[in-house]
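Novice: Sequence and predicted structure below; questions after.
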Amino acid sequence: MDQETLGSVVLLVIVTLISVVQNAFFASKLEHESKHCNGKGFQRPGSSAFDRVYTANQNCGHAYPTFLAVLWCAGLLCSQAPAAFAGLMYLFVRQKYFVGYLGERTQSTPGYLFGKRIILFLFLMSLAGILNYYLVFFFGSDFEMHIKTITSAISPLLLIP
C-alpha cells in the first residue's frame, strides 16, 4: 500500500483498533462478572450486577456496526481528522455509558445521548461527502475544502455537553 493511501486512512484505522481493544475490555468485564457470580462461566445467574454488565455489553455491541460504518464513511468521503476525532469522542462516551450502566442506569444516560449526537455528526459528514461527490460529478463544483473547513471547525463543538 502506498504512503498516500495509507495516510488517508491511518487515523481511522487507529480509532478502529482502539475500539477493538475497548470491545475486548467490555467482554472481559462480562466474563469476570459471570465467573464472579457463580463460578461456572457464561450462565445468566440472575444477579443484578451480572445483568447490568450483560445489558451494557449488549447495548454497546448493538451500536458498534453503526459507529464503524459512519466513522469510515465520514473519514473516506469527507475528512479523516474530524471523523477520527469524533470517533475517539464516541469511544470515550461509550466507555462512560458502559461504566455508568454498571452503577445506576440513570448514570448512563449522558453517555447515551452524547453518543447519539456524535453518530449524527458522523452521518452528516458522510452525507456532505456524498453531496460533494455528486456536485463534482454533475456540475463540476468542488466544495471539498469548504466542507473540510466546516467539519474541522464544528468537530470541537462535540465537546460541549
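Specialist: Looks like it came in fine.
Novice: Quick one: neighbours of Met1, just the number.
Specialist: As a burial measure, Met1 scores 6 neighbours (other CB atoms under 10 Å). C-beta: built from backbone N, CA, C; applies to glycine.
Novice: Same question for Thr5.
Specialist: Number of residues near Thr5 (other CB under 10 Å) recorded here: 9.
Novice: same question, Val136
Specialist: Neighbour count of Val136, defined by other CB under 10 Å: 13.
Novice: I'd say it and Ile130 touch.
Specialist: No: applying CB atoms under 8 Å as the test, Val136 and Ile130 come out as separate, 11.0 Å apart.
Novice: where does this structure dip in pLDDT?
Specialist: Applying pLDDT under 70 to the chain flags the ranges 38-47, 104-105, 161.
Novice: quick one, strands of it?
Specialist: Using DSSP state E, no strands are found in the chain.
Novice: how far is stretch 74-90 from where the chain is centred?
Specialist: Taking the mean of its C-alpha atoms, stretch 74-90 sits 10 Å from the chain's own mean (CA atoms, centre = their mean, to the nearest Å).
Novice: which residues sit against that stretch?
Specialist: Stretch 74-90 is contacted by residues 8-9, 11-12, 14-16, 18-19, 67, 71, 114-115, 118-119, 121-123, 125-126, 128-130, 132-133, 147-148, 151-152, 154-156, 158-159 when judged by CB atoms under 8 Å, 6 or more residues apart in numbering.
Novice: same thing but 7 Å
Specialist: 8, 11-12, 15, 67, 71, 115, 118, 121-122, 125-126, 128-130, 133, 147-148, 151-152, 155, 158 (CB atoms under 7 Å, 6 or more residues apart in numbering).
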